[in-house]
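Participant: Predicted structure and sequence below. I'll ask about it afterward.
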Amino acid sequence: SDTKSKRSCLCSIASTVSLLCVILLFTGSFSAELYNENQCRPGGSHALPEGIISNTSDLQMRPLWDLPKTKTIDNKEKASTNLFAMAVGIKQKDLVNKMVKKFLASNFVVMLFHYDNIVDEWNDFEWSTKVIHVSVANQSKWWFAKRFLHPDIVPDYDYVFLWDEDLGVENFHPDKYVSIIKSEGLEISQPALDTEKSEVHHQITARGRRSNVHRRIYKSGGRGKGCDGSSTAPPCTGWVEMMAPVFSRAAWRCVWYMIQGDRTKNVGVVDAEYIVHYGHPTLGGLDVNEVSSRAKDHRVDFSLRGNFYVKNLLFGLKYISNVVVELALILICVRRMSYRELQVFRKRWQKAVEEDECWVDPFQ
């Protein structure tokens, strides 16, 4: 009887264990499916049905008093497929006005970042209510772009133009430019600079008159400073200046996360469509022309004689010197801050490379 009871007990335990295994198997399978499903969902959306989740958005303005237009074929053709964004200050309103009018005429969505906190004075322009205004004092266009142009907010736009405000666009046509970079397969580009009127800092940005697009430059130089057909790094190839960059949808997603693609093939300067870079200071900085005009307000009447003449002359010189010193200090502070930010970025990059065991440098 003891043997029978032991066998009965063992059978009971075996049955219970088998049942538990089956339950755990199905539970584990269900949990894995649930985990995989949730893993693909945006954070915070796990409690929502999948069909109601919208991962992306856009910058199209919608009226408060009417239903949004349905996505018919006709409306899709009229919809804006490119975005033009720019950090602006009221001092450059004339240049900004010319750019905005040109891009709106080409059916771009236009977004203005006001770094001087002045917005109402732009209401003088008829287009003011047709563009998006974002105002935060003393911030650069990259600060605005990082916070207001997330790739999931601008996925509907084929190209993102992120420009400075001191550019002349008399010879620039947005539609033609987009057509060129599409046909050339450029992911990151910029219009070339008119060398006769522009402040050109790098040879690769200068306009070439014999081509529609150039991706590299050729120049002689000792100690490895020259550029030839075998050069693979900036500033010889794969490089644009940050005054007027244009990003494809895919490139902007990469750039926003600080990652690049193949710069030797997909980065170039468009010669056929070119602009003028005036080199005006931004973020409310003093302009040399402004300093000159202020100095004229304190000009000296050379017909005067004696102590009165000397006092006015000294006053004028003192004023001019104070303004020049102020301008120099501002420039020094901006450059110093840029250098510090570059050093911080390099440290962050090095740390990220060391900690990410899966990352492989595509250029090594």
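Facilitator: Looks like it arrived, so ask away. Numbers count the residues shown, from 1 in each chain.

Participant: contacts, neighbours, all on C-alpha from now
Facilitator: Noted.

Participant: surely residue 212 meets residue 268?
Facilitator: No. Using CA atoms under 8 Å, residue 212 makes no contact with residue 268, being 10.4 Å away.

Participant: In terms of packing, which of the two has more residues around it?
Facilitator: residue 268 (28 against 16; other CA atoms under 10 Å).

Participant: Quick check: the more buried one vs residue 235, distance?
Facilitator: Distance, residue 268 to residue 235, using CA to CA, to the nearest Å: 11 Å.

Participant: what's the answer for residue 215, then?
Facilitator: From residue 215 over to residue 235 (counting by CA to CA), the distance is 10 Å.

Participant: hey, where'd the helices end up in the protein?
Facilitator: Listed in chain order, the helices of the chain (DSSP state H) span 2-39, 73-78, 93-105, 141-148, 174-184, 249-256, 263-266, 288-297, 306-355.

Participant: List the contacts of residue 358.
Facilitator: For residue 358, the contact set (CA atoms under 8 Å, 6 or more residues apart in numbering) is empty.

Participant: Please work out the average pLDDT along stretch 355-363.
Facilitator: What stretch 355-363 shows for mean pLDDT is 75.

Participant: Equivalent analysis for stretch 151-168, please.
Facilitator: 93.

Participant: Can you spell out the domain ranges of this protein, please?
Facilitator: 11-52, 80-277, 288-355 (automatic domain parsing).

Participant: How many residues are close by residue 145?
Facilitator: 16.

Participant: From residue 134, how far off is it?
Facilitator: On the measure of CA to CA, residue 145 and residue 134 end up 11 Å apart.

Participant: ditto for residue 95
Facilitator: In terms of CA to CA, residue 95 sits 19 Å off from residue 134.

Participant: Kindly report the same for residue 90.
Facilitator: 14 Å.

Participant: do residue 121 as well
Facilitator: Distance from residue 121 to residue 134, by CA to CA: 14 Å.

Participant: Pretty sure residue 191 sits against residue 273.
Facilitator: Yes. Residue 191 is within contact range of residue 273, at 5.8 Å (criterion: CA under 8 Å).

Participant: list the residues that contact both of the two?
Facilitator: Joint contacts of residue 191 and residue 273 (CA under 8 Å, 6+ apart) are residue 177.

Participant: And for residue 245, the neighbour number?
Facilitator: Residue 245: 17 surrounding residues under other CA under 10 Å.

Participant: That should have said residue 331, apologies.
Facilitator: 15.

Participant: got any ranges where this structure has weak pLDDT?
Facilitator: For the chain, the stretches flagged by pLDDT under 70 are 1-53, 63-79, 222-224, 258-265, 281-320, 322-324, 327, 362-364.

Participant: Note down every partner strand of the longest strand anywhere in the chain and its orientation.
Facilitator: Among the segments of the chain that qualify as a strand by DSSP state E, the longest is strand 267-277. Paired strands of strand 267-277, with direction, are strand 167-168 (antiparallel), strand 188-193 (parallel), strand 213-214 (antiparallel) (DSSP bridges).

Participant: winner for burial among these?
Facilitator: strand 188-193 (a mean of 28; mean count of other CA atoms under 10 Å).

Participant: thinking again about what came up before, between residue 121 and residue 134, which has more neighbouring residues?
Facilitator: Between residue 121 and residue 134, residue 134 has the larger neighbour count (other CA under 10 Å), namely 15 against 10.

Participant: hey, what's the more buried one bridged with?
Facilitator: With DSSP bridges as the rule, residue 134 is bridged to residue 113.

Participant: Tell me the spacing between the nearest residue to residue 151 once chain neighbours are set aside and residue 239.
Facilitator: Nearest residue to residue 151, sequence neighbours excluded (CA to CA, 6 or more residues apart in numbering): residue 253, at 5.3 Å. Residue 253 sits 18 Å away from residue 239 when distances are taken as CA to CA.

Participant: can you list the strands paired with strand 267-277 in TSV and add distance to residue 126?
Facilitator: Supplementary listing: those in TSV, determined by distance: least, CA to CA, whole Å:
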stretch	distance to residue 126
strand 167-168	20
strand 188-193	27
strand 213-214	35
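
Participant: do you know which of these lies nearest residue 152?
Facilitator: Closest to residue 152 of the strands paired with strand 267-277 is strand 188-193 (CA to CA; 18.7 Å).

Participant: now the angle between helix 174-184 and that closest one, please.
Facilitator: 130 degrees (axes from the mean of the first three to the mean of the last three CA atoms, to 10 degrees).

Participant: In this structure residue 241 contacts residue 205, no?
Facilitator: Yes. Between residue 241 and residue 205 there is a contact at 7.1 Å, judged by CA under 8 Å.

Participant: what about those two, which has more around it?
Facilitator: Taking other CA under 10 Å, residue 241 and residue 205 do not tie; residue 205 has more neighbours (27 against 17).

Participant: Might you report the residue contacts of the more buried one?
Facilitator: 191-193, 240-241, 269.

Participant: one more time with 10 Å
Facilitator: Contact analysis of residue 205 by CA atoms under 10 Å, 6 or more residues apart in numbering lists 190-195, 214-217, 235, 239-241, 268-271, 274.

Participant: swap in residue 190?
Facilitator: Residue 190 neighbours (CA under 10 Å, 6+ apart): 161-163, 177, 181, 205, 213, 239-247, 267-271, 273-275.
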